[in-house]
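Undergrad: Sequence plus predicted model, see below.
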Amino acid sequence: FDHVPVVGLPLEDGAATLSEITAQAIASGILALPEMPKEVIVGGGGRYNPVLMERLRALVPCVILPCEAKGWNGDLIEAEAFAYLAIRCLAELPNSWPGTTGVSQPTVGGTICDPCDYS
């Protein structure tokens, strides 16, 4: 997002504006899906923002839940996902498929970089 919409606004108004822009962007993505999901599970820090969650519930005609409602640890799920992808890369197993990302064949994504190679 660009900071221009909130330049010169008081802190509270800027925060409210950014929350609304975020809610509208997420809702637009969900509403553009070919079929409305039964529920949307929210991860990341935004799930702690009660205004954002309230706006999502108002804008999207399905159930909006924080990932903890499914028994997932929302503070670890992103790290767990990246660890899963890294292990698949190390094992030279695909982590990208035609049906999910449009690649032509199952593909190993990512590159392992050794920081010692850059000293």
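TA: Ah, there it is. In this text, all values refer to a predicted model and were calculated from it rather than measured experimentally.
Undergrad: which outside residues touch the longest helix along the chain?
TA: Ranked by residue count under DSSP state H, the longest helix found in the chain is helix 11-31. With Cβ atoms under 8 Å, 6 or more residues apart in numbering as the test, helix 11-31 has contacts from 1, 5-6, 9, 36-37, 40, 46, 49, 51-52, 55-56, 59-60, 62. In short, each C-beta sits where N, CA and C put it, glycine included.
Undergrad: Run through the helices of the protein in chain order.
TA: Counting by DSSP H, the helices of the chain are 11-31, 50-59, 77-90, 98-101.
Undergrad: Just say which of those helices is most tucked in.
TA: helix 50-59 (a mean of 16; mean count of other Cβ atoms under 10 Å).
Undergrad: Can you work out which other helices and strands pack against that helix?
TA: In terms of contacts (3 or more Cβ pairs under 8 Å, 6 or more residues apart in numbering; DSSP states H and E), helix 50-59 is packed against helix 11-31, strand 39-42, strand 63-66.
Undergrad: Tabulate the CA atom coordinates of the first one in PDB.
TA: Once side chains and other backbone atoms are set aside, the C-alpha atoms of helix 11-31 remain, and they are given as PDB (Å, rounded to 0.1, in the frame of the first residue of the first chain):
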ATOM      1  CA  LEU A  11      -2.800   9.100  13.800                       C
ATOM      2  CA  GLU A  12      -6.300   7.600  14.600                       C
ATOM      3  CA  ASP A  13      -7.700   8.600  11.200                       C
ATOM      4  CA  GLY A  14      -4.700   7.300   9.400                       C
ATOM      5  CA  ALA A  15      -4.900   3.900  11.200                       C
ATOM      6  CA  ALA A  16      -8.700   3.700  10.500                       C
ATOM      7  CA  THR A  17      -8.100   4.600   6.800                       C
ATOM      8  CA  LEU A  18      -5.400   2.000   6.400                       C
ATOM      9  CA  SER A  19      -7.600  -0.600   8.100                       C
ATOM     10  CA  GLU A  20     -10.400   0.100   5.700                       C
ATOM     11  CA  ILE A  21      -8.100   0.000   2.700                       C
ATOM     12  CA  THR A  22      -6.800  -3.400   3.900                       C
ATOM     13  CA  ALA A  23     -10.300  -4.700   4.500                       C
ATOM     14  CA  GLN A  24     -11.600  -3.500   1.100                       C
ATOM     15  CA  ALA A  25      -8.600  -5.100  -0.600                       C
ATOM     16  CA  ILE A  26      -9.000  -8.400   1.100                       C
ATOM     17  CA  ALA A  27     -12.800  -8.400   0.500                       C
ATOM     18  CA  SER A  28     -12.300  -7.500  -3.200                       C
ATOM     19  CA  GLY A  29     -10.000 -10.600  -3.600                       C
ATOM     20  CA  ILE A  30     -12.500 -12.900  -1.900                       C
ATOM     21  CA  LEU A  31     -15.500 -11.400  -3.900                       C
END
